[in-house]
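In: Turn this into a structure:
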Amino acid sequence: MNLTLVEKWKASWKIALENWSKFTKLREPIFLRNTKEKKTLGIDPQLFAMIRLTDHSIFIDLKKIEALGLENYPLEILGHEIGHHIAYPGSITELGKMLVRIQKALDLSNLTFYATFVGNIYTDLLINHKLFLEFNYRMYEIYQKLQTQVKEVDSFWLFYMRIYEILWALPKGSLAQGKISGEMEADAELANRIVRNYAVDWLKGAGEFAILCIPYLMPEQRSAIQTQKILSTWLDAKSVNDKNFKKFPVELMETDEDEEEVMHPSLDPVLNDSILEDKEKKKNSDKIEKKSKKFRDPSQFNRILKDMGLSISQSDLVYNYYKQRALPYLIPFIHKKIPNSSEPILEGFDIWEVSSPLENINWFQTALKSPVVIPGYTTLEDYFGTETGQEPKTEPVDLDLYVDCSGSMPNPATEISYLALAGTIVLLSALRAGAKVQATLWSGKGQFKTTNGFIDDEKKLMEIVTGYIGGATAFPLNLLEETYANRKPTDKKVHILVISDEGIDTLHTEKFKGKSGKEISSMVVTKAGGGATMALNLYYNLKSYPKIVEMQKQGWDIHVVKTWEDLIKFAFEFSKKNYSQNL
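Out: A predicted model of the protein is given here:
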């Protein structure tokens with residue numbers, strides 16, 4: 001590596017940084033020496049410059065830059081990378097939000113696999129326009145040099161370059177060297193308006209820009225193959241680019257109010273002054289309408305993370321997803337109070353009367369009082385008072401949780417499962433109170449997953465509750481029998497909670513070792529000692545389910561929900577009613 005070139009670029013770094021902001025704190029770029037070093041850092045060997053958004057490290061390959069003839073553009077290249085750090089996208093959260101909007105737009109044409117590519121192009125446009133407009137950087141010269149890598153360009157490249165020509169008032173053909181159709185000219189003009197009008201509120205323009213890209217990403221347009229080849233050295237912020245980054249991006253679980261809108265920019269009143277009436281309507285509706293919080297389902301969330309390049313296993317994703325969704329509903333559980341302990345304490349001595357038991361006489365103290373023993377006069381007995389113990393000890397009621405996971409139930413890993421979420425709310429609340437939990441996921445006969453006992457390992461419990469079986473329906477009577485058949489009255493109290501639907505009637509129809517389900521059901525209500533509850537999604541009135549009514553008579557507290565989503569409210573109220581302290 002040329003040391004003089006390194007020094008030149010290091011000197012340009014401070015200028016490039018201050019042009020964006022004098023108050024920005026960002027460490028100097030890491031100047032790479034060889035391809036082996038790139039591979040060690042997980043960096044694409046083709047790239048000459050990139051930023052890693054997880055820690056905002058900037059990497060520069062000066063050998064690659066020299067090979068492309070870009071060594072005299074330190075301000076342009078460094079300023080571009082700084083722009084990704086400060087503004088576009090600025091953080092992995094904003095990157096994810098942008099990709100959501102782009103995915104929704106591209107999904108209309110089954111082109112979502114281009115989301116990261118289009119996102120990088122969009123943020124590059126925003127950065128380069130600011131650098132050109134405010135600092136007069138020679139951004140167009142870089143693209144002229146990059147274009148020489150191929151003999152022929154595709155329609156996407158022409159579209160992309162024509163946007164720059166319009167943005168910067170460059171002569172037609174100075175960048176876009178090819179035939180520009182009327183449709184492409186109109187699209188490039190709209191893209192120019194997006195970049196100019198949404199420079200501040202840039203996320204709102206992401207989806208609209210993606211819609212403009214669709215015609216130039218279609219297979220018949222060679223799917224932007226040449227563009228990707230040209231930009232292979234500078235697709236510098238297309239993803240997180242950090243396989244070791246494990247932080248869970250909680251902020252991306254919740255949707256933004258405006259991300260559902262997928263509009264062609266020609267219909268956007270912000271970009272088209274002729275749509276005055278619609279603009280006014282939108283302005284008024286923004287004032288009136290206030291949407292409630294919405295969350296992405298696990299599969300949507302997972303797609304965003306993959307496009308961002310985040311390496312999070314499915315088990316970790318599901319665990320974190322349901323835990324984060326449950327957190328707002330957690331409350332401490334109630335503690336069963338053990339009565340204040342009291343024990344006798346020796347306070348002194350009193351005269352022993354003839355009417356008192358003879359064994360109460362304290363002969364030692366009597367002899368000390370007088371060598372002559374006179375009953376009722378010199379005889380003494382111990383005098384005891386009582387002392388109340390310390391604050392009463394508290395003991396949380398353990399939880400025995402059974403979550404239905406038959407074929408009619410959703411898979412928590414792909415769509416939101418309110419059964420899994422309700423189970424998570426209750427079990428995490430139990431653990432918070434210091435209780436132990438036995439968790440069981442059940443489906444058909446012999447189809448179940450369980451912790452095989454009461455534990456306090458949060459992750460193992462969550463793996464059970466958020467798992468999936470998807471078979472037939474048959475309640476695991478054997479687990480009830482094994483857990484409670486030999487339970488003693490002195491054992492710790494347990495509250496049994498079953499989350500299911502009408503399939504719970506198999507609790508009475510099944511048999512285990514000659515015992516009927518009805519018999520086992522009655523036995524566990526008594527032996528658990530802490531209560532027994534069922535949260536059931538039932539379509540008809542409770543009286544329409546005779547077996548469930550029979551369970552109610554046995555002592556089961558039957559709570560009916562009409563929609564699965566109602567389980568969230570149930571889980572919170574169940575915790576509050578049965579376990580929560582009065583806060």
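In: and the longest helix seen in the chain, which residues are buried?
Out: Identified as the longest helix of the chain according to DSSP state H is helix 115-135. Of the residues in helix 115-135, those buried by neighbour count under the rule 16 or more other C-beta atoms under 10 Å are 115-132. Bear in mind the C-beta positions are built from the backbone N, C-alpha and C, glycine included.
In: For it, C-alpha coordinates in CSV please.
Out: The C-alpha trace of helix 115-135 is given here as CSV (Å, rounded to 0.1, in the frame of the first residue of the first chain):
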residue,chain,number,x,y,z
ALA,A,115,-34.9,-5.0,-1.8
THR,A,116,-31.3,-4.5,-0.5
PHE,A,117,-30.0,-3.6,-3.9
VAL,A,118,-32.7,-1.0,-4.4
GLY,A,119,-32.3,0.3,-0.9
ASN,A,120,-28.6,0.9,-1.5
ILE,A,121,-29.3,2.7,-4.7
TYR,A,122,-31.9,4.9,-3.0
THR,A,123,-29.6,5.9,-0.1
ASP,A,124,-26.7,6.5,-2.5
LEU,A,125,-28.9,8.9,-4.5
LEU,A,126,-29.7,10.9,-1.4
ILE,A,127,-26.1,11.0,-0.2
ASN,A,128,-24.6,11.9,-3.5
HIS,A,129,-27.1,14.6,-4.2
LYS,A,130,-26.3,16.3,-0.9
LEU,A,131,-22.5,16.0,-1.5
PHE,A,132,-22.8,17.4,-5.0
LEU,A,133,-25.3,20.2,-4.1
GLU,A,134,-23.8,21.4,-0.8
PHE,A,135,-20.1,20.7,-1.2
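In: Who are the packing partners of it?
Out: helix 74-86, helix 92-106, helix 139-147, helix 155-167, helix 182-197, helix 203-213, helix 298-308 (3 or more C-beta pairs under 8 Å, 6 or more residues apart in numbering; DSSP states H and E).
In: relative to helix 115-135, how tilted is the last one?
Out: It refers to helix 298-308. Angle between the axes of helix 298-308 and helix 115-135 is 50 degrees (criterion: axes from the mean of the first three to the mean of the last three C-alpha atoms, to 10 degrees).
In: I'd like the distance from the very next helix or strand once past helix 298-308 to the chain centre, please.
Out: Following helix 298-308 in sequence order, the next helix or strand is helix 314-326 (DSSP states H and E). Averaging C-alpha positions (C-alpha atoms, centre = their mean, to the nearest Å) puts helix 314-326 6 Å from its chain's average.
In: what sits up against helix 314-326?
Out: Applying C-beta atoms under 8 Å, 6 or more residues apart in numbering, the contact partners of helix 314-326 are 246, 248, 250, 253, 295, 298, 301-302, 305, 312, 412-413, 420-421, 424-425, 428, 459, 462-463, 465-466.
In: can you rerun that using 6 Å?
Out: 248, 250, 298, 302, 412-413, 420-421, 424-425, 428, 462, 466 (C-beta atoms under 6 Å, 6 or more residues apart in numbering).
In: repeat for stretch 90-106
Out: Contacts for stretch 90-106 (C-beta under 6 Å, 6+ apart): 53, 89, 112, 114-115, 118-119, 203, 206-207, 210-211, 240, 251-252, 259, 262, 304, 307-308.
In: if we go to 8 Å?
Out: Here stretch 90-106 makes contact (C-beta under 8 Å, 6+ apart) with 53-54, 84, 89, 112, 114-116, 118-119, 122-123, 203, 206-211, 213-214, 217, 237, 239-240, 249, 251-252, 255-256, 259-260, 262, 303-305, 307-308, 310.
In: do stretch 171-181 as well
Out: 140, 143-144, 147, 153, 157-159, 161-162, 164-165, 188.
In: Of the residues you listed, which pair is most distant in space?
Out: Greatest spacing in the contacts of stretch 171-181, by C-beta to C-beta: Q144 and A188 (17.6 Å).
In: Settle it for me: which of those two has more neighbours?
Out: A188 (22 against 13; other C-beta atoms under 10 Å).
In: And the more buried one, how close does it get to N197?
Out: Distance, A188 to N197, by C-beta to C-beta, to the nearest Å: 15 Å.
In: One more: P546?
Out: P546 sits 65 Å away from N197, going by C-beta to C-beta.
In: Which one's more surrounded, these two?
Out: Counted by other C-beta under 10 Å, P546 and N197 do not tie: N197 has more neighbours, with 16 against 11.
In: okay, the residue of the chain most remote from its centre: pLDDT?
Out: Ranked by distance from the centre of the chain (C-alpha atoms, centre = their mean), the top residue is V372, with 85.5 Å. V372 is assigned 77 on the pLDDT scale.
In: Pretty sure K39 sits against P45.
Out: Yes - if you go by C-beta atoms under 8 Å, K39 and P45 touch, sitting 6.8 Å apart.
In: which one of those two has more residues nearby?
Out: Between K39 and P45, counted using other C-beta under 10 Å, P45 has the larger neighbour count: 14 against 11.
In: ok so the more buried one is a strand residue?
Out: No - if the criterion is DSSP: H, G, I helix; E, B strand; the rest coil, then P45 is coil and not within a strand.
In: Mind pulling up the pLDDT for it?
Out: At P45, the model reports a pLDDT of 86.
In: tell me the contacts of it?
Out: P45 sits next to T35, K38, K39 when contact means C-beta under 8 Å, 6+ apart.
In: would you list the residues you listed in TSV and tack on pLDDT and secondary structure?
Out: Formatted as TSV, the contacts of P45 follow (pLDDT from 0 to 100; DSSP: H, G, I helix; E, B strand; the rest coil):
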residue	pLDDT	secondary structure
T35	82	helix
K38	82	helix
K39	81	helix
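In: can you map out the helices along the stretch 351-500 of the chain?
Out: Counting by DSSP state H, counting those that start in this stretch, the stretch 351-500 of the chain has helices at residues 363-369, 418-432, 458-465, 477-484.
In: which stretch in these has the least confidence?
Out: helix 363-369 (a mean of 76).
In: just to revisit the earlier point, okay, the angle between the longest helix of the chain and helix 155-167?
Out: Note on geometry: by the same axes, to 10 degrees, helix 115-135 and helix 155-167 are set 20 degrees apart in direction.
In: And the closest residue to E134 other than its chain neighbours, how close does it get to L75?
Out: Take E134 and drop its neighbours on the chain: the residue closest to it by C-beta to C-beta, 6 or more residues apart in numbering is N19, 7.8 Å away. Look at N19 and L75: by C-beta to C-beta, they are 8 Å apart.
In: so what sits against both of the two?
Out: Common neighbours of N19 and L75 (criterion: C-beta under 8 Å, 6+ apart): F135.
In: surely E81 meets P29?
Out: Yes - look at E81 against P29 with C-beta under 8 Å: they come within range, at 7.3 Å.
In: joint contacts of the two?
Out: Shared contacts of E81 and P29, defined by C-beta under 8 Å, 6+ apart, are found at I58.
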